[in-house]
Structure formats: C-alpha cells, structure tokens
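Next comes the sequence, and after it the predicted model I'd like to discuss.
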Amino acid sequence: MEKVMKHKGEREIHRDRLLATFALATLIFIAGILIGNAITSGKLANIENIEDKLRFDIMSLELESEIAKENSCSAIPTTLEEQLSETTTKISLLEDQLGKNNPRVLELKKYYSLLEIRHYLFMQDRKIKCGDDYELILFFYSNRPESIDTSEKQGYVLNYLKDKYGMEKIKIYSLDYDLELGAIRSLIQIYSITEAPSIVADESVYQGFRSKEELESFLR
Amino acid sequence: MLWTHAVMYVIAYFGLFMTLFFLLGYSHSRDTKDPKPKRFPFVSIIITAFNEEKAILNSVKSVLQLDYPKDKYEIIVVDDGSTDRTFEKVSEFAEKYGNVRVFKKKNGGAASAKNLGIKKAKGELITTLDADSFVAKDALKKMIGYFDEDPKIGGVTTSLNVHNPRGFLQNLQWAEYMAGIFLRKVFSKVDAVVVLPGPFSLYRKSFFDKYGGFEEGNITEDTEMGMRMQAHGYKIRNSMSASVYTITPNNFRALTIQRIRWYYGFVRNSVRYKRLFNVRKYGDLAAIILPSAFVSVILSVLASLLFFRSSFLSLQAGMNKIGALGMSGFSSLFRMKWQFIWDNIVAYATNPFIFFIAIGLIFSITWLVLAQKGSGEKRSMKFAFFCFLFTYGFFYAFWWLITFIYRGILRKKIKWGPRYY
C-alpha cells in the first residue's frame, strides 16, 4: 500500500491515502451490503418456500374435508396444526426482520390466513358432525400503533390458555384485522367486529382485551 | 428501509472509513522505529505533587533509574502546597542526590506547578510527571532522537500504559489506553497529535520561552498545549516504545469525573483553536482527525441509543406479557421452546449487519494487537480486550452524554478533581 501512496509535503491532505481509504471502505461496505442483500433474499426465498407449502396444505385440506364428508369421523390431521403454529413463529420473526408492512410478508400472511380459515371451517364441521370436544377461537389482532399493545397482550393470554389446556382442547386462529383479504373481511362482517383485539369463541363475540380469568370462565 | 437501518449503515460506513484510515496511516513508513539519538541534550524532569507523601518517592525513584547519562538530566520536584509531609519527604530524599531539587509553592493547580518547574529548569528539553505515574528505564532515550530530526518538532509523546490494572474498570481503561497508544502513533505519522498527555511528554524548552508555559485554569492544559503547538506550526511526534505507566481511577464516579473534565476540555480547546479546522493550513488534522472526533461522538451516542431502544422494546414485550398474565406470564418467559430459541439465534446470525459487526471486531482486534506489539506490552490482555470490545462503546457514549448534560444543560463548573492525570 505504501508504494501506491506518495507522501506529499507535510500539512497537506494526503490525497492518495484518503482515496485509498475511500476506495477500500466503499468496497468493503458494498460487499457488506451485498452479503446483507443475499441474506435478505435468502429469507425472501424462504418465504416463497413457506408459501408453496401453504398452497399445498390448503389443497390437501380441501381434499381431506371432501373425504371427511363421505367417511366417518376418523383421525384429526394434527400434523397440520403443528405446522400452523410453527409457521406463526416464522412469520413473526420475518415481521421483526423485514418489517410488519413488508409486501412479501403481507402476502405470506394472506396465504397463511386462508389456510387458517380453511382449517377453522373444517374443524367446525367436524365438531358438529362428530361431536368432538374442543374450543375454536378466532382471534382478530391489529398491528396498528393504537391497538398493537393490547393485541399483543391478548395474544399472550391466548397462548397461555393454549399451553395450559393443550392444542387438542383449544384451537386458536389468529387473523390480522387490517389484512386486505376477502375471507377475513367476510368474517369481520358476519360477526360484526368493529375493533381489534376481538375474539370469537363458540359463535360469541368478545371485543376488546379479555383477561385470562374472563376467558377461562367463557370457555367453561 | 427502516430509519434505524439507515442510521446503522451510516455508522458502519463511518467506522469502516476511519478504521481503514488509521490502519493505512499506521502502515506509513515514517517514524516506525525511534530515531537513534545523535547526542544527549540536557533534560529537566519536573515532578508535580499535591498531598502525595505515599507515592511521590516512587515517582522520583523511577526517574532516577532512567537509562540516560546522569550528568545530562535534573529532577525538579514541585510541591503544589501539600498539607501532608510530601515536601519534607522529598527534601530528605533529595539531599542524597545532586541532581534533585525541591520547591514548594502555594496551591494553584497542576499547570501552575509545572510552570514553576519550567522557570527553574535548565534543560534544553523539559518533561513533566505526576506522582501517580512511573517511567520505563529506556523511555527518555527512545524519545530524544525525534528532536534532532526537525527543529519544528515541539514535543514527543510516550506510550501511555496502565499501572497494575485490577477489576473490570481498570482493565477496560487498559485496553482503551492501548487503543490510545495506536492512535497516538497514527496521529504522529499523519501530523495530527493534539494532546500531549500529562505523564512524561517531552517538550522543547524554546517553545515555552517563545509561547509561554501551561495555561493556568485550563482544565485540560495538556490538550491546550498540543493544540497551541499545532496552531503555531510545530509538530508533535510519538515514541510507541517509550512506556510510561499511570494509575487509573478504580471507581466509576472518579472515572466519570475524569472523563467529564477530558471531554469538556477537549471541546473547549477545540472551539478556542477552531483555526485548526482550516483544511488548507492544517491538512489531515483539519480534514479528517478533528472532525472525525466529533462525528464519532454523535454516532456513538446514536448507536447506543439504538441499542437501548431495541433492548427497551424487548423488555417492554416481556413486561407486557407479565402484565397480561401476572406471575404465570413471568414463568412462561422461561418456558420457551427450543424451536423458538433456535429460530431467534438464526435470525440474529443472519442479520445483514452481522458482516459489519464481524469486520468491526476484526479491525478493532488488529488495532489493539498492533498497539500491544508496538509498545512491547508483554502482559496478557485477553480480559482487557474482552471488556473493551463489548462494552467500551456504551461507556464512551455515556460519558459524552453526561458531559453534555453536566456542562451544557446544568451549566455546572468543571474543576481538576482528583489527581488522575
């Protein structure tokens, strides 16, 4: 490096050193940004994979419900439920990293919501038809600043109940109140929901935050 | 792009640019080795003390052991109005040595004590030392060669190291001093030294004769002296292998008081010598070194605020959970699933900034290791480096914020405080 830079008279700006610094710093910086972008696009590619899987799951669920119509009350597809909860974790991590309003994340959430609603309807049918003993809960949350805190709190309470009573007894379907998705809008209309957080359990609607004690008494 | 990301990119680029500038500056061939002295000019060593009866003799003894012709240096001890037995102790000791003289004056601060010493000094070169600093045997010999290189060299600084560091705070300072050793050499190579640290910086007496001694009442008279030299076109060099060891504060309060004095002193003297920012006249010092000092302060404060903001948000989420669930929420914080923990680790490891953090760590370690090698430091510094790399940024930002609040908002006066250099 020394040979490249001529040392001019003292008390000057050493332009060669400055240029070398600038070039090297910019190079490393660009490399850093490229690596960052590669990591981000890796994450975006991961979103595509999740989406593909969700699409596949939606179709598979359609088929399962068709088969269930014809047949008796055989085993519940529990692996799908586990996958649903894993996908929830992945989506919330992606929201943290790419931002809650990232278009790709929002699109992924739409697929995920479709699958959730499909699963909800399927389980509702089964409950009536086979007399299964579980609670189905629709949870409408919002990421808008005025309701994000209470929505998060409500989420913790629901998770707590799910952990306490087990996935077999309580099935929670979390839906973004603000997501532009026809199916969600229809549910909001059907249950006349006007705010988030809101909970629909057993066809009853509870708007605003509900503590764990309140919810437990409803569920009983 | 989120605004926090934009700020982080600015910090990353600035950090990269400055570290590379320093590393390239360091690789410059000039002054890599100390020039061999062609002659041994007469040197006056001024030791100032205020109530230092316990430590003063150690300082005097360390100077008496210097590897330098005995008839070529004198020791002048100035007691700055001590109320203990400092004066008596040194006077007693001095009787045994022909080249030690002791003076006592009314208490007036470090600068006034040094100035009395300068008045009494016979040397062509003058250096100062305080009672809590010790000099390596070969330090003086390594420094004097620089003065013969150019009559415009007004001062030479040392490799200021930490004496016997213990505990977290002193280890943190030890690594910080190492970083300082590296920077001082870089600044020496690019003609941009503006601070002549109190312990054992060596001055050309003719500069004092022409432009006066230390400014009394200036809270960082060593910075004022460095800036004054630069302003008058004098140069300051650094000998990286001339080791001087100083005792550093061992409690947070004393350390913070010291930093408020240093930082505020630096700002005040920079405002006073604002002409040093004239790029045409002062080259790299004006274009890069001085502005970067101020930019680094702003960015380090921003970076720390960002860090605390994200920590606060996580904490808030935790509190929210406890708020929603009571004690069962608290216990659920500890019942996290492995998958969740793993997902979070992966999320951190694949953070786009991980590359910049890694590069930053590599450069910082290179910087510290170069200083350790250059100064001949043999003690193991692993713990010190660890403390420094992971916490120093926050302390640095904190001290600047406190300085700003203390002086800028509360308008409190800043004095010399405890006698740390």
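All right, it came through fine. All values derive from a computational prediction rather than experimental measurement. Numbers count the residues shown, from 1 in each chain, chains lettered A, B, ... in the order given.

Neighbours of the residue in chain A that chain B sits nearest to, how many?
Proximity of chain A to chain B (C-beta to the nearest C-beta) peaks at residue A:36, 2.8 Å away. To be clear about C-beta, it is placed using only N, CA and C from the backbone, and glycine gets the same treatment. Neighbours of residue A:36 under the rule other C-beta atoms under 10 Å in any protein chain shown: 20.

Show me what the helix or strand in which it is found packs onto, helices and strands only.
Here residue A:36, judged by DSSP states H and E, is contained in helix A:15-70. Counting contacts by 3 or more C-beta pairs under 8 Å, 6 or more residues apart in numbering or on different chains; DSSP states H and E, helix A:15-70 packs against helix A:78-98, helix A:103-130, helix B:3-26, helix B:354-374.

Those: which one's closest to residue B:56?
Of all those, helix B:354-374 sits nearest to residue B:56, with 29.8 Å by C-beta to C-beta.

now whatever helix or strand comes next after that closest one against helix B:354-374, angle please.
For helix B:354-374, the succeeding helix or strand toward the C-terminus, using DSSP H and E, is helix B:382-403. Interaxial angle, helix B:382-403 versus helix B:354-374 (axes from the mean of the first three to the mean of the last three C-alpha atoms, to 10 degrees): 110 degrees.

hang on, the earlier thing: gap between the helix holding residue A:36 and the chain center?
Here the centre of helix A:15-70 is set off from its chain's centre by 16 Å, with C-alpha atoms, centre = their mean, to the nearest Å.

gap between residue B:114 and chain A?
28 Å (C-beta to the nearest C-beta, to the nearest Å).

ranges for the strands of chain B?
B:43-49, B:73-79, B:100-104, B:125-130, B:133-135, B:153-162, B:202-204, B:235-246 (DSSP state E).

In its sheet, which strands sit next to the second one, and in what direction?
Note on strand B:73-79: by DSSP bridges, its sheet partners are strand B:43-49 (parallel), strand B:100-104 (parallel).

what's the most buried one of those strands?
Among the strands paired with strand B:73-79, ranked by average contacts under mean count of other C-beta atoms under 10 Å in any protein chain shown, first place goes to strand B:43-49 (a mean of 26).

Just the CA trace of that one, in CSV.
Output in CSV follows, covering the C-alpha atoms of strand B:43-49 (Å, rounded to 0.1, in the frame of the first residue of the first chain):
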residue,chain,number,x,y,z
VAL,B,43,16.7,17.3,30.2
SER,B,44,14.8,18.8,33.1
ILE,B,45,12.2,16.4,34.6
ILE,B,46,9.5,18.2,36.5
ILE,B,47,7.5,16.2,39.0
THR,B,48,4.5,17.9,40.4
ALA,B,49,2.7,16.7,43.6
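
quick one, that strand and strand B:125-130 angle?
Using the same axes, to 10 degrees: strand B:43-49 against strand B:125-130 is 20 degrees.

wait, what's in contact with residue B:368?
B:175, B:178, B:179, B:182, B:381, B:385, B:388 (C-beta atoms under 8 Å, 6 or more residues apart in numbering or on different chains).

need these in CSV with neighbour count, can you?
Shown next, in CSV, are the contacts of residue B:368 (neighbours: other C-beta atoms under 10 Å in any protein chain shown):
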residue, neighbour count
B:175, 24
B:178, 27
B:179, 17
B:182, 23
B:381, 20
B:385, 20
B:388, 24
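
Below-threshold pLDDT in the stretch 251-400 of chain B: ranges please.
For the stretch 251-400 of chain B, the stretches with pLDDT under 70 are B:324-340, B:343-344, B:347, B:350, B:352.

ok, back up a step: how about the helices and strands packed on helix A:15-70 in TSV, adding distance to residue B:85?
Compiled in TSV, the helices and strands packed on helix A:15-70 are given as follows (distance: least, C-beta to C-beta, whole Å):
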stretch	distance to residue B:85
helix A:78-98	65
helix A:103-130	74
helix B:3-26	46
helix B:354-374	39
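
wait, which of these is closest to residue B:135?
Each of those has some distance to residue B:135 by C-beta to C-beta; the shortest is helix B:354-374, at 18.0 Å.

want to throw the strands paired with strand B:73-79 into CSV with mean pLDDT and distance to residue B:19?
Shown next, in CSV, are the strands paired with strand B:73-79 (pLDDT from 0 to 100; distance: least, C-beta to C-beta, whole Å):
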stretch, mean pLDDT, distance to residue B:19
strand B:43-49, 96, 36
strand B:100-104, 96, 45
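
what residue lies at the spatial centre of chain A?
residue A:91 (3.5 Å; C-alpha atoms, centre = their mean).

Show me what the lowest-mean-pLDDT helix or strand in chain A packs onto, helices and strands only.
In chain A, the helix or strand scored least confidently by mean pLDDT, DSSP states H and E is helix A:78-98, which has a mean of 74. Here helix A:78-98 touches helix A:15-70, helix A:103-130, helix B:338-349, going by 3+ C-beta pairs under 8 Å, 6+ apart.

go again using 6 Å as the cut-off
Packing contacts for helix A:78-98, counted by 3 or more C-beta pairs under 6 Å, 6 or more residues apart in numbering or on different chains; DSSP states H and E, involve helix A:103-130, helix B:338-349.

just the angle between that helix and helix A:15-70, please?
160 degrees.

what's the distance between helix A:78-98 and the middle of its chain?
6 Å.

CA-only coordinates of that helix, as CSV, when you get a sec.
In CSV, the C-alpha atoms belonging to helix A:78-98 read as follows (Å, rounded to 0.1, in the frame of the first residue of the first chain):
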residue,chain,number,x,y,z
THR,A,78,-52.8,-32.9,13.8
THR,A,79,-49.6,-32.5,11.9
LEU,A,80,-51.2,-29.6,10.0
GLU,A,81,-52.0,-27.9,13.3
GLU,A,82,-48.4,-28.2,14.4
GLN,A,83,-47.2,-26.8,11.1
LEU,A,84,-49.6,-23.9,11.5
SER,A,85,-48.1,-23.0,14.9
GLU,A,86,-44.6,-23.3,13.5
THR,A,87,-45.5,-21.0,10.6
THR,A,88,-46.8,-18.4,13.1
THR,A,89,-43.4,-18.2,14.8
LYS,A,90,-41.7,-17.9,11.4
ILE,A,91,-44.0,-15.2,10.3
SER,A,92,-43.5,-13.2,13.5
LEU,A,93,-39.7,-13.5,13.1
LEU,A,94,-39.9,-12.3,9.5
GLU,A,95,-42.1,-9.4,10.6
ASP,A,96,-39.4,-8.4,13.1
GLN,A,97,-36.6,-8.6,10.4
LEU,A,98,-38.3,-7.3,7.3
